[in-house]
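In: any chance you can model this:
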Amino acid sequence: MHGVELTRRPIVGAAEPVTLIALGPLTNVALILRSHPEVTPHVRRIGFKGGPTDRGNTTPYGEFNIVTDPEAADIL
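Out: Here you go, the predicted model:
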């Protein structure tokens, strides 16, 4: 089973909206929001590490989780 489907099931089955915490690149979170729009009302908020305001860890201003998949970050 793909990670997106594995994540979707408990979200839509939760008794109340959930908070998603992304610990890496945002690819699967973006995929679940795009491929399963019915999930959106079940998500209260999304937390992720996007980098500091003064310097990055991959480029001078880029944080790894954002630089790795900027399209997914844009979706979020």
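In: please make it C-alpha for all contacts and neighbour counts, starting now.
Out: Noted.
In: can you confirm residue 19 is in a strand?
Out: Yes: per DSSP: H, G, I helix; E, B strand; the rest coil, residue 19 lies within a strand segment.
In: distance check, it against residue 68.
Out: For residue 19, the distance to residue 68 equals 22 Å [CA to CA, to the nearest Å].
In: contacting residues for residue 62?
Out: When contacts are counted by CA atoms under 8 Å, 6 or more residues apart in numbering, residue 62 touches 51, 55, 56.
In: before we move on, what SS does the nearest residue to residue 28 once chain neighbours are set aside have?
Out: Spatial nearest neighbour of residue 28, excluding adjacent residues (CA to CA, 6 or more residues apart in numbering): residue 4 at 5.9 Å. Here residue 4 is recorded as helix under three-state DSSP.
In: could you name the helices and strands sitting against the lowest-mean-pLDDT helix or strand in the chain?
Out: Using mean pLDDT, DSSP states H and E, the weakest-scoring helix or strand in the chain turns out to be helix 64-68, at a mean of 90. When contacts are defined as 3 or more CA pairs under 8 Å, 6 or more residues apart in numbering; DSSP states H and E, helix 64-68 packs onto no helix or strand at all.
In: quick check: buried residues in it?
Out: 64, 65, 66, 67, 68 (16 or more other CA atoms under 10 Å).
In: so what touches it?
Out: 24, 25, 26, 49, 50, 51, 56, 57, 58, 73.
In: output these in JSON lines, with neighbour count appended to each entry.
Out: Shown next, in JSON lines, are these (neighbours: other CA atoms under 10 Å):
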{"residue": "24", "neighbour count": "15"}
{"residue": "25", "neighbour count": "21"}
{"residue": "26", "neighbour count": "24"}
{"residue": "49", "neighbour count": "15"}
{"residue": "50", "neighbour count": "18"}
{"residue": "51", "neighbour count": "16"}
{"residue": "56", "neighbour count": "15"}
{"residue": "57", "neighbour count": "13"}
{"residue": "58", "neighbour count": "14"}
{"residue": "73", "neighbour count": "18"}
